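A.B. asks: just a sequence and a predicted model for now, questions to come.
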Amino acid sequence: MKQEFLELLKTVNREGMDKLIQFIEKSDFFVAPASTRFHGSHEGGLLEHSLKVYEILKHKVENSVIDINISDESLIIIALLHDICKVNYYKTDYRNAKNERGEWEKVPYYTVDDTIPYGHGEKSVMMITEYIKLTVEEKYAIRWHMGFTEPKELYTTLGQAYKKYPVALLMHEADLEATYFYDI
């Protein structure tokens, strides 16, 4: 999966992409979980989730009831990097739990260690733009990919973003489908 991810990113012709790829390769992206317990909460879950979101988003755009005029490069960037904010975000800790024999033992679990508390979608946009320039549509799709899990005070803004940039709504749907249909 790592090779597939890198090969897709290498097709993106943007100044700074090589440095972004270097950052990703030096980070824990390929071994990080996608979450602590909701989906993909296993080693490599973030990589697996990102690739599944790309697969789903690409299919959604190709089969949309409206014309979504967006480049393959943009789809790759949006889907594969939407959760880059989770790089170096999870840590492994240990807790006591009973095993199948009823004996207590230390078991690993993921915790959050957010050293850059800048939100979620907006943090991914910030991190990506440290390396490459994003289109406005890419920024909106990544920023609003969490959809209606955002605070209700932002629902009007979210709705306006989805009307203006339909790929942002499709991205949210792809993220949900990867999470709930595939548990990654």
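C.D. replies: Now that the structure is in, tell me what you want to look at.

A.B. asks: M146: what's it in contact with?
C.D. replies: Going by CB atoms under 8 Å, 6 or more residues apart in numbering, M146 touches H120, G121, H172, D175. Any C-beta I mention is one placed from the backbone N, CA and C, and that applies to glycine too.

A.B. asks: quick one: buried residues of stretch 60-70?
C.D. replies: Buried residues in stretch 60-70, defined by neighbour count with 16 or more other CB atoms under 10 Å: K60, V61, I68, I70.

A.B. asks: select from the residues you listed every entry located in helices.
C.D. replies: Using DSSP state H, K60, V61 are the members of these that sit in helices.

A.B. asks: possible to save the buried residues of stretch 60-70 as CSV with pLDDT and distance to I77?
C.D. replies: Converted to CSV, those look like this (pLDDT from 0 to 100; distance: CB to CB, whole Å):
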residue, pLDDT, distance to I77
K60, 97, 16
V61, 98, 13
I68, 94, 15
I70, 96, 10
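
A.B. asks: pull the most distant pair out of the buried residues of stretch 60-70.
C.D. replies: K60 and I70 (11.0 Å; CB to CB).

A.B. asks: residues in contact with the residue positioned nearest the centre of the chain?
C.D. replies: Against the mean C-alpha coordinate of the chain, by CA atoms, centre = their mean, the closest residue is D83 at 2.5 Å. D83 makes contact with A34, L46, H49, S50, S124, according to CB under 8 Å, 6+ apart.

A.B. asks: report the buried members of the residues you listed.
C.D. replies: Among the contacts of D83, those buried by neighbour count (16+ other CB under 10 Å) are A34, L46, H49, S50, S124.

A.B. asks: pick the one among those closest to R101.
C.D. replies: Of the buried ones among the contacts of D83, the one sitting nearest to R101 (CB to CB) turns out to be A34, at 30.7 Å.

A.B. asks: the closest one in helix, strand or coil?
C.D. replies: Secondary structure, DSSP: H, G, I helix; E, B strand; the rest coil: A34 is coil.

A.B. asks: for T111, see how far away D183 is.
C.D. replies: As judged by CB to CB, to the nearest Å, D183 and T111 stand 20 Å apart.

A.B. asks: state the helix or strand in which K19 lies.
C.D. replies: Element membership of K19 [criterion: DSSP states H and E] is helix 17-26.
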